[in-house]
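K.L.:
Dropping the sequence and predicted coords here.
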Amino acid sequence: MKPLFKKTGDKAGIDLLTAWHPNFRNKKLLPDTKTVRTNFFINLVAITTVVVLGLFIALREIKLADFKHDLANKESDIAEASAPSEKAKADFKNYSVEEQRFKTAYELVEHPFRFSDFVTHMGTIMPNGVKINRVDFRGVGQTMNVSGNVRGLDASSSDIASNFIKLLQSDLVLSKDFSTITLTNLGRDVAQGNMSLELVFTFKASPTVPVKK
């Protein structure tokens, strides 16, 4: 009768399936008898990490999309408001111009020019040695020419004429109606023994409303 077991020196040839109990000294060969295996926890942690990371990225993209949407709305609001804003600035500029014209017109109406008052005032401020011979008044808005003379031909006569021009230009009453008072001619009249002078009074520009095309 052949023996049931035959000893051999080759350990690699031993059939492990025939072992009646596990080799507790080789832990790698022991079966995983835990209720919940270790691989389950590893997979759970990996899946949880991926899900959390995915949710974080999704929330970030949602917030970014909301920000872009709000930014687009704000830019749209600015674009819509820019046109009325520019129109309002233009209207205010036109209003300022019209307001200034109205003030000028009101001042002319409140203090209308009267030729008789002009002649009377010129008589009150006329210095000694100066005489007015002619006043060419063609209506408000037109230049007014005034001619006269200064007695004498010496240097003092030139000083009197020069001081007379300065007096007219600094007069507060005349400045209400005239923008400039200019000496256009100063000559010597030897036959009459005096110096002739010619003045131009320029009225302030009357307000006009521009015609819209």
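P.N.:
Arrived safely.

K.L.:
Sheet-wise, list the partners of the lengthiest strand in the chain with their directions.
P.N.:
Scanning the chain for the strand with the most residues, using DSSP state E, yields strand 178-189. As defined by DSSP bridges, the strand partners of strand 178-189 come to strand 194-203 (antiparallel).

K.L.:
now the partner strand: how far from the chain's centre is it?
P.N.:
Distance, stretch centre to chain centre, for strand 194-203: 48 Å (CA atoms, centre = their mean, to the nearest Å).

K.L.:
just checking, what packs against the strand or helix carrying Ser157?
P.N.:
Assessed by DSSP states H and E, Ser157 sits inside helix 155-170. Packing contacts for helix 155-170, counted by 3 or more CB pairs under 8 Å, 6 or more residues apart in numbering; DSSP states H and E, involve strand 130-136, strand 144-151, strand 178-189, strand 194-203. No exception for glycine: its C-beta is placed from N, CA and C like everyone else's.

K.L.:
Report the inter-axis angle for the longest one versus strand 144-151.
P.N.:
Taking axes from the mean of the first three to the mean of the last three CA atoms, to 10 degrees, one finds that strand 178-189 is oriented at 40 degrees with respect to strand 144-151.

K.L.:
Next, the angle from strand 178-189 to helix 155-170.
P.N.:
Using the same axes, to 10 degrees, one finds that strand 178-189 and helix 155-170 are set 170 degrees apart in direction.

K.L.:
contact partners of strand 178-189?
P.N.:
In this structure, residues lying in contact with strand 178-189 by CB atoms under 8 Å, 6 or more residues apart in numbering are 149, 153, 158, 161, 165, 168-169, 174, 195-205.

K.L.:
ok, now the first one?
P.N.:
Applying CB under 8 Å, 6+ apart, the contact partners of strand 130-136 are 119, 122, 126, 144-151, 160-161, 164.

K.L.:
Most neighbours among the residues you listed, which one?
P.N.:
Val150 (23 neighbours; other CB atoms under 10 Å).

K.L.:
Bridged to that one, which residues?
P.N.:
In beta-bridge terms (that is, DSSP bridges), Val150 pairs with Val130, Met195.

K.L.:
Relative to Glu198, how far out is it?
P.N.:
According to CB to CB, to the nearest Å, Val150 stands 12 Å off from Glu198.

K.L.:
do Ala161 as well
P.N.:
From Ala161 to Glu198 the distance is 11 Å (CB to CB).

K.L.:
Low-confidence bits of this protein, can you list those?
P.N.:
1-41, 102-111, 206-213 (pLDDT under 70).

K.L.:
Show me the helices in it, by range?
P.N.:
Per DSSP state H, the chain carries helices over the ranges 38-110, 115-125, 155-170, 172-175.

K.L.:
Return the distance of the first one from the chain's centre.
P.N.:
I take that to be helix 38-110. 19 Å.

K.L.:
Also stretch 182-194?
P.N.:
56 Å.

K.L.:
ok, now stretch 157-164?
P.N.:
51 Å.

K.L.:
Could you list the residues in contact with that stretch?
P.N.:
With CB under 8 Å, 6+ apart, stretch 157-164 has contacts from Pro127, Gly129, Val130, Val150, Arg151, Gly152, Leu183, Leu186, Asn194, Met195, Leu197.

K.L.:
I'd like to know how many residues surround the closest residue to Thr202 other than its chain neighbours.
P.N.:
Distances taken as CB to CB, 6 or more residues apart in numbering place Thr180 nearest to Thr202, at 4.6 Å, with adjacent residues excluded. Using other CB under 10 Å, Thr180 is surrounded by 12 other residues.
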